[in-house]
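*Asks:* Got a sequence here, can you model it:
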Amino acid sequence: MFLTAAPKREGASDLLDVFNNFHALPYGPVESDIYNAIQDKRLPSYIVTERSVVKKENAILPYKIEDYTRIKDAVDTLKEKNKYLILLNAFLWWRLHINGKVGDNP
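*Replies:* This is a model prediction of the structure:
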């Protein structure tokens, strides 16, 4: 989340006005509002567990198209840097991060 929200280059837009409650946890920065919503099963469109992410059936998404577009653009920018990065689980990401390989393509 932090990699997606933070600015990518000088003068680029970011999502820190939307995702602005980051805290340091052992595997990296976590957006606490989203973390708490996951823990309390309050996400409007997905159920997230330790091992899976499942889309809720018949979920009515409360998102504005402008917010969706900003987030999609940020994820697309991150994927341009390394398309494999968003596929990694937290433990593998952390191992690559401490070994200085996060920016590398596998």
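*Asks:* What helix or strand is P62 located in?
*Replies:* P62 belongs to no helix or strand when elements are defined using DSSP states H and E.
*Asks:* so how many other residues sit close to it?
*Replies:* Other residues within reach of P62, judged by other CB atoms under 10 Å, total 8. Yep, even glycine has a C-beta here, placed from its N, CA and C like the rest.
*Asks:* burial of the nearest residue to it once chain neighbours are set aside, as a residue count?
*Replies:* Nearest in space to P62, with sequence neighbours left out and distances taken as CB to CB, 6 or more residues apart in numbering, is P44 at 5.5 Å. Using other CB under 10 Å, P44 has 11 other residues around it.
*Asks:* Equivalent analysis for N36, please.
*Replies:* N36 has 12 neighbouring residues, counting by other CB under 10 Å.
*Asks:* For it, which residues are in contact?
*Replies:* Neighbour list for N36: R42 [criterion: CB atoms under 8 Å, 6 or more residues apart in numbering].
*Asks:* Am I right that it sits in a strand?
*Replies:* No. N36 is assigned helix when assessed by DSSP: H, G, I helix; E, B strand; the rest coil, not a strand.
*Asks:* any idea how far it lies from I71?
*Replies:* Counting by CB to CB, to the nearest Å, the separation of N36 from I71 is 19 Å.
*Asks:* pLDDT weak spots in the chain?
*Replies:* 1-9, 11-12, 27, 88-106 (pLDDT under 70).
*Asks:* Ramachandran angles for N82?
*Replies:* Torsion angles at N82 (phi, psi; degrees, to the nearest 10) stand at phi -160, psi 100.
*Asks:* No further queries at this time; thank you.
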